[in-house]
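Mind looking at a prediction? Sequence and model below.
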Amino acid sequence: MNLTSLPFENSLVVASALMAAVVGLVVTLRRGHWLTTLLFSAAFFAVAAFQGGTLGILHAQTPESARQWAIYLGRSSALASWLWLTLTLVLARRDPWEQVRNSASFLVLALVGSLALSAAAGSPHVVQRVVGVGSPAFIELGPLGRIYLMYLIIAMVAMLMNLERMLRNTIATTQKRLRPIFLALSFAIFAELIMVSGGLLYGGIKVSWLVGTASPLFVSGVVIALSLAKRRLSDLTMPAARPVVYFSSVSLTLAAAFLLAMAVLSKVMPTLSNQGRLLVSLAFYFLAGGGGLVLVFSPRANRTIRRFIDRNFYANRYDYRREWERVSNAITPTARIEDIGRQVEGLLRSVFESERVAIYLRREPDGVLVRLHGLETMPSEFEPSNPLVLLLDETREPVVFREAALDLEQLPAAAENRDSIVALDAAVCAPLLVGDLMAGALWVSEKRTREVYTSEDVAFIAAMARQIAAALWFARQAEQLAETRQLESLNRLSTFVLHDIKNHISGLSLVVENARRHMANPEFQRDAMAVVERTVRNLKDLMTQVSGLARASEVHPEPCDVRDLLEESTLAAGLALGERDGLRVTLDCPPMPPILADRTLLLRLLVNLITNARESLPDEGDIMLSASIEPPLDDQGATLLMEVRDTGRGMTDEFLRLRLFKPFVTTKISGLGVGLAQCRSIVEAHGGVISVESTPGVGTAFQVRLPAGGPHSDGLRPGSASRVAPRTEQPGLGREVAP
């Protein structure tokens, strides 16, 4: 069957006319507001009348009779355009008269234009002639006819804009009810727009184009009739909503672009071949139609275009250099985290005149957002599964709640947190981003002036949120670092205490071990009792010092015999001068006057060094102890040089350079890494210097230089405070005691 045959075309046009009349009747029965009902019925009866004219020109026998029908179509379409323009303006509005009053001048101008064009339709300047008859006929338009088509294009673009605004101003639940009618009307208007645009490009309209538009009109009529059969027209009324602030910045810009493209194509098309005209026309309609559908059904694309237009075609509201200086001065990164919350609230009040602010920070490891600052009526925390949290984490952009209520993608985030929005009177919620991590959320209330937040306001809040997030994150890290340091200090203290206790236990364990063989020896009993007494005394002293850690340790200088110190420290380390079991201990200390030093601390120093020397040796080796007085140098007094040398495994240059004397660093498997750190503290407390020479596989030599006259060279005096680790006495007996 030939689809372009006259019977099929007649049936299509008749069906379209009848469907338009049916919709007009259904609207009358499913009535809403009387003005909306009247305009809706009149608009579809006008479509039925227009389709009747299409049927007439299709059956015209002569070009002249076809021209008369063309004049009729021009007059009816001019009046129908005004009815449809007014209908799209009041459709689904709660108060249609308010819309009419607000657009009165626009509607009056459109009515005058449509009446003037309707009256001039009979002039040859509008409909010049009709070439041919039937479906292949072509209606040639004069200069006024092209102006008439431009008027129709402007009217239909305005209709689409009104429908878009209707849908955008409607909450998401009402959008579902309005969407079928919106799609049907948009589809019909867009089909007519394509036909009229083609007429402007080609300087006339083919009758077959008029027949072709009958199909979308019929489909649209069916959809609208079914929608009205389910719901009354009054059920489609949308609740009062705020106007979309940036509706014009998107719609008017795109409408202007469409009209400009039409003007350009009207000059270019006549120069192209028939095939070129077809390809250009199809590409243009595809881009225009596809872009319109994307804007209607993709809120994200609409927001992206809106931001682009705002940023590139409107003057900035803020002097960003001055505002960013205000942000930097208002937020102190080193402040306590609670103080930063108050600073942020004061900043947002001064910049946006917002009344309240709420700040939430992410808690690790569960990811819950915990309230840091804000009203007590706000939730104390938000779960990671909250739709708003998921939306912020996904989009990384602020959520404007007035827009979220109109957006099906964002509606769950707003609906799920309605109580929170009402409690704060919240307008915007922005993610607090630190790099790729969403560290929290910033809630901002409505402005005191009740002015809506523009897209520039929202973009500025997003930029500020990153700065705020960095300040809050660094403050939290500082608090955690302080807590870590406190724990580290406790760990360090316990390590020092364990180190001393380990030395005491080492001496006691040797006593216990020797007691199995020498318990009956009176001399061993006396030595063992002395070790126990000394260990108890040292542990009591350790307890006293630990309990008094709030006060700095003190150096108590007293006259000390150097040789006695070396011999006593050797015994305390569990060794004895001479050779025993392959281990040789020698002492080289010429007679010298007593020095002024803290005897307890020096014993601890020497015991640590001798113990380390003993533990660095295998089963056999040498430990050499020596002491001497170095002559005065320049204006300094004499210096005591003590040296502990061994033939043990030694240490590498890297260890000596980077790790030696650092707390908790050791080369021993069971070591605690605090002995040498204590040694350096003791030496420095006496105003001295400790140095080391070591060669792997050869041995190590520690050299200690102290002022022979006491710790005066660094300003210390007897009884003055010093930075010394908690002191303990030397540990007890460590080697087997001879029977």
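Right, received. Where do you want to start?

Going along the chain, name the strands of the stretch 1-150 of the chain.
Using DSSP state E, counting those that start in this stretch, the strands of the stretch 1-150 of the chain run over residues 127-131, 138-141.

Let me see the mean pLDDT of the last one.
I take that to be strand 138-141. In this model, strand 138-141 has a mean pLDDT of 89.

Let me know the pLDDT of the residue most central in space within the chain.
The C-alpha lying nearest the average C-alpha coordinate of the chain belongs to L433 (Cα atoms, centre = their mean; 2.7 Å). If you check L433, the pLDDT there is 90.

show me where pLDDT drops low in the stretch 201-350 of the chain?
The model of the stretch 201-350 of the chain has pLDDT under 70 over residues 232-274, 277-278, 280-282, 284-326, 328-330, 332-336.

What spatial separation is found between P398 and R563?
For P398, the distance to R563 equals 79 Å [Cβ to Cβ, to the nearest Å]. In short, each C-beta sits where N, CA and C put it, glycine included.

that older thread, so the residue nearest to the centre of the chain is in which element?
strand 426-434 (DSSP states H and E).

Export that strand to PDB, keeping only CA atoms.
Once non-C-alpha atoms are left out, strand 426-434 reads as follows in PDB (Å, rounded to 0.1, in the frame of the first residue of the first chain):
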ATOM      1  CA  ALA A 426      18.700  25.100  55.400                       C
ATOM      2  CA  ALA A 427      19.200  26.300  51.900                       C
ATOM      3  CA  VAL A 428      22.500  24.700  50.900                       C
ATOM      4  CA  CYS A 429      24.600  21.700  51.900                       C
ATOM      5  CA  ALA A 430      28.100  21.600  50.600                       C
ATOM      6  CA  PRO A 431      30.700  18.800  50.900                       C
ATOM      7  CA  LEU A 432      33.900  19.500  52.800                       C
ATOM      8  CA  LEU A 433      36.500  18.100  50.500                       C
ATOM      9  CA  VAL A 434      40.200  17.400  51.400                       C
END
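
the helices in the stretch 401-550 of the chain, which residues?
401-404, 411-416, 418-424, 455-518, 522-547 (DSSP state H, counting those that start in this stretch).

Reformat these into TSV and put distance to R101 next to each item.
Output for the helices of the stretch 401-550 of the chain, formatted as TSV (distance: least, Cβ to Cβ, whole Å):
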stretch	distance to R101
helix 401-404	25
helix 411-416	32
helix 418-424	32
helix 455-518	29
helix 522-547	86
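
among those helices, which is the most enclosed?
helix 401-404 (a mean of 21; mean count of other Cβ atoms under 10 Å).

so what secondary structure elements neighbour that one?
If you count contacts as 3 or more Cβ pairs under 8 Å, 6 or more residues apart in numbering; DSSP states H and E, helix 401-404 packs onto helix 411-416, strand 426-434.

average pLDDT across the shortest one?
Averaging pLDDT along helix 411-416 yields 88.

Now do that helix: everything it contacts.
Helix 411-416 is contacted from outside by A172, N386, P387, L388, L390, L391, V399, F401, A404, A405, I421, using Cβ atoms under 8 Å, 6 or more residues apart in numbering.

hmm, 7 Å instead?
Residues outside helix 411-416 that contact it (Cβ atoms under 7 Å, 6 or more residues apart in numbering): A172, N386, P387, L388, L391, V399, F401, A404, A405, I421.

These into CSV, with extra columns for pLDDT and distance to V532?
CSV is the format used below for those (pLDDT from 0 to 100; distance: Cβ to Cβ, whole Å):
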residue, pLDDT, distance to V532
A172, 53, 84
N386, 93, 66
P387, 91, 71
L388, 92, 69
L391, 91, 72
V399, 91, 74
F401, 89, 77
A404, 82, 78
A405, 74, 82
I421, 91, 74
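
Would you mind writing the ChimeraX command to select the buried ones in the residues you listed?
To isolate the buried subset of these in ChimeraX, counting by 16 or more other Cβ atoms under 10 Å, use the following:
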select :172,386,388,391,399,401,404,405,421
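
Is it possible to get a markdown table of the strands of the stretch 1-150 of the chain that adds distance to Q68 and mean neighbour count?
Below are the strands of the stretch 1-150 of the chain laid out as a markdown table (distance: least, Cβ to Cβ, whole Å; neighbours: other Cβ atoms under 10 Å):
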| stretch | distance to Q68 | mean neighbour count |
| --- | --- | --- |
| strand 127-131 | 9 | 21 |
| strand 138-141 | 12 | 21 |
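
for those, which one sits closest to L508?
Checking the strands of the stretch 1-150 of the chain against L508 by Cβ to Cβ gives strand 138-141 as the closest, at 116.7 Å.

Output that closest one as CSV, nothing but the C-alphas.
This file holds the C-alpha atoms of strand 138-141, laid out as CSV (Å, rounded to 0.1, in the frame of the first residue of the first chain):
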residue,chain,number,x,y,z
PHE,A,138,3.6,24.1,-2.7
ILE,A,139,2.4,27.3,-0.9
GLU,A,140,4.7,30.2,-1.9
LEU,A,141,4.9,33.0,0.6
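
Now do L152, the pLDDT please.
For L152, pLDDT reads 86.

Next: S354.
So, for S354, pLDDT stands at 86.

again with F702
pLDDT for F702: 94.

ok, now L571?
The model reports L571 with a pLDDT of 85.

List the buried residues in the host helix or strand of it.
Secondary structure assignment for L571, by DSSP H and E: helix 562-572. For helix 562-572, burial by neighbour count (16+ other Cβ under 10 Å) applies to V562, L565, L566, E567, E568, S569, T570, L571, A572.

quick revisit: so which of the helices of the stretch 401-550 of the chain is nearest I181?
Closest approach to I181 among the helices of the stretch 401-550 of the chain (Cβ to Cβ): helix 411-416, 20.3 Å.

ok, now how distant is L35 from F106?
With distances taken as Cβ to Cβ, L35 is found 17 Å from F106.

for G113, same thing?
According to Cβ to Cβ, G113 and F106 sit 11 Å apart.

give me the low-pLDDT residue ranges for the stretch 451-600 of the chain?
482-493, 495-496, 499, 504, 507, 541-542, 544-554.

Please repeat the previous calculation with a cut-off of 80.
Applying pLDDT under 80 to the stretch 451-600 of the chain flags the ranges 451, 454-456, 475-520, 524-528, 530-531, 533-555, 574, 580-581.

neighbour-wise, which of G113 and F106 wins?
Legend: neighbour count by other Cβ atoms under 10 Å for G113 and F106, higher for G113 (18 against 14).

For the closest residue in space to that one that isn't next to it in sequence, what is the enclosing helix or strand?
Nearest residue to G113, sequence neighbours excluded (Cβ to Cβ, 6 or more residues apart in numbering): Y151, at 5.9 Å. Y151 belongs to helix 143-168 when assigned by DSSP H and E.

Just the buried positions in the following helix or strand past that helix, please.
Counting by DSSP H and E, the element after helix 143-168 in chain order, helix or strand, is helix 172-202. Within helix 172-202, the residues that count as buried by 16+ other Cβ under 10 Å are 172, 174-175, 177-202.
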